[in-house]
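Q: Give me a model of this one.
(chains A and B)
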Number of protein chains: 2
Amino acid sequence: MAEPRSYDERRHDALTILGAPGADAWVATSSADGAPHLVPLSIGWTGNDIVLVTEQRSLTARNLSARGVARVGVGGTRDLVMIDAEVASEAAAPDAGQLLDTFAEQSGWDPRGESDAEAYRVIVLRPVRLQAWREANEIAGRTLMRDGVWLDEVHRPDPPPGG
Amino acid sequence: MAEPRSYDERRHDALTILGAPGADAWVATSSADGAPHLVPLSIGWTGNDIVLVTEQRSLTARNLSARGVARVGVGGTRDLVMIDAEVASEAAAPDAGQLLDTFAEQSGWDPRGESDAEAYRVIVLRPVRLQAWREANEIAGRTLMRDGVWLDEVHRPDPPPGG
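A: All right, here's what the predicted structure looks like:
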């Protein structure tokens, strides 16, 4: 097992995974009555948020409308980013503008090219908590963001007095 | 995109994925209040059921106790088995016997070797619905098992009259 990575290494690697061309996510949601749901979906990464595209009638879209939260795993089971996220916005695909440009560029698929483009929702998930780990020795220190704030920004010491 | 596989090919491939040495799963559960949870976990596959091992205090173990259901993805995001499952049984690791032998052999890790073996639960998930697909052209026909029964056994015609 490799040595555990530093906070900065994990954050760098996490952003690389999220922004990788063709990145897919395992998107876990819960239905209104609490049934767990899980699907793999392509993602776009804006630098701050995850952009998903899914059919409006899909269980994932309906669960996100009902509850507004998801837990999203990206990467492999032994090198992953795990994000607890809230729905920040949603729109029909033809109205999603630049968000959908970001998604289409990263995923290689643009739902606006489909004859039923209106059937797709573009859903923006904003990370609230973000964790990254590889193996058991990286469980400690896996939380990189909490309450939407990167932890190094919380704990970063004040700059020394100027001079 | 490759041609979609037949039912028999998908079932064969699904069983191969589930039984592969070192197989990991993305295990989605919901808490008592409906919050989605997701973690990667090693699995054992008995031929019928998934065996998970997780700390009793983990959110996954607590969610499974509270709700008794999970949705489990195994394989890659573009070659996967997706299982809706019910908890069939659970036991403390030292009491799990052959189920834990199956898990340990497949995963390469035996919690009975840990000093805190009592802290681990062995949880058996029984598939209720099982789906397998690779790309969009395999969404049709992805359901291989429903209500715990392989569909080819449902639809299989009666054998011809003996003679």
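
Q: which parts of chain A sit against chain B?
A: Residues of chain A lying near chain B by Cβ under 8 Å from any Cβ of the partner chain: A:24-26, A:28-30, A:32-40, A:67, A:69-73, A:77-78, A:80, A:82. Bear in mind the C-beta positions are built from the backbone N, C-alpha and C, glycine included.

Q: Can you say which of the residues you listed are buried?
A: Among the residues of chain A next to chain B, the ones that count as buried by 16 or more other Cβ atoms under 10 Å in any protein chain shown are A:24-26, A:28-30, A:34-40, A:67, A:69-73, A:77, A:80, A:82.

Q: In helices, which of those appear?
A: With helices taken from DSSP state H, the overlap with those comprises A:Arg67.

Q: can you confirm A:Gln131 is in a strand?
A: Yes: using DSSP: H, G, I helix; E, B strand; the rest coil, the secondary structure at A:Gln131 is a strand.

Q: surely it meets A:Gly75?
A: No: if you go by Cβ atoms under 8 Å, A:Gln131 and A:Gly75 don't touch, sitting 11.3 Å apart.

Q: phi, psi of A:Ala32?
A: phi -60, psi -30 (degrees, to the nearest 10).

Q: Give me the neighbour count for the nearest residue to it once chain neighbours are set aside.
A: The shortest distance from A:Ala32 to any non-neighbouring residue, by Cβ to Cβ, 6 or more residues apart in numbering or on different chains, is to A:Ala66 (4.4 Å). Neighbours of A:Ala66 under the rule other Cβ atoms under 10 Å in any protein chain shown: 14.

Q: circling back: so what sits against both of A:Gln131 and A:Gly75?
A: Common neighbours of A:Gln131 and A:Gly75 are listed as A:Val81 (criterion: Cβ atoms under 8 Å, 6 or more residues apart in numbering or on different chains).

Q: And those two? Which one has more around it.
A: A count of neighbours by other Cβ under 10 Å puts A:Gly75 above the other of A:Gln131 and A:Gly75, at 23 against 20.

Q: out of everything not next to it in sequence, what's closest to that one?
A: Leaving aside its sequence neighbours, A:Gly75 sits nearest to A:Ile17 (Cβ to Cβ, 6+ apart; 4.6 Å).

Q: buried set for the helix or strand the one you found falls within?
A: In this assignment (DSSP states H and E), A:Ile17 forms part of helix A:7-19. Neighbour counts using 16+ other Cβ under 10 Å place A:10-11, A:13-15, A:17-18 of helix A:7-19 among the buried residues.

Q: how about those residues, which pair is most distant?
A: The largest separation in the buried residues of helix A:7-19, counting by Cβ to Cβ, is between A:Arg10 and A:Leu18 at 12.3 Å.

Q: Give me the residues contacting stretch A:114-129.
A: Identification of contacts with stretch A:114-129 by Cβ under 8 Å, 6+ apart yields A:46, A:48-57, A:61, A:64, A:70, A:72, A:83-94, A:96, A:99-100, A:103, A:111, A:143, A:145-148.

Q: Filter the residues you listed down to just the ones in helices.
A: In helices, judged by DSSP H, the following of those are found: A:61, A:64, A:99-100, A:103.

Q: can these go into CSV with extra columns for pLDDT?
A: As requested, the ones in helices among the contacts of stretch A:114-129 are exported to CSV (pLDDT from 0 to 100):
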residue, pLDDT
A:Ala61, 98
A:Leu64, 98
A:Leu99, 96
A:Leu100, 97
A:Phe103, 98
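
Q: Looking at the residues you listed, which one is closest to chain B?
A: Ranked by distance to chain B (Cβ to the nearest Cβ), these are led by A:Leu64 at 10.0 Å.
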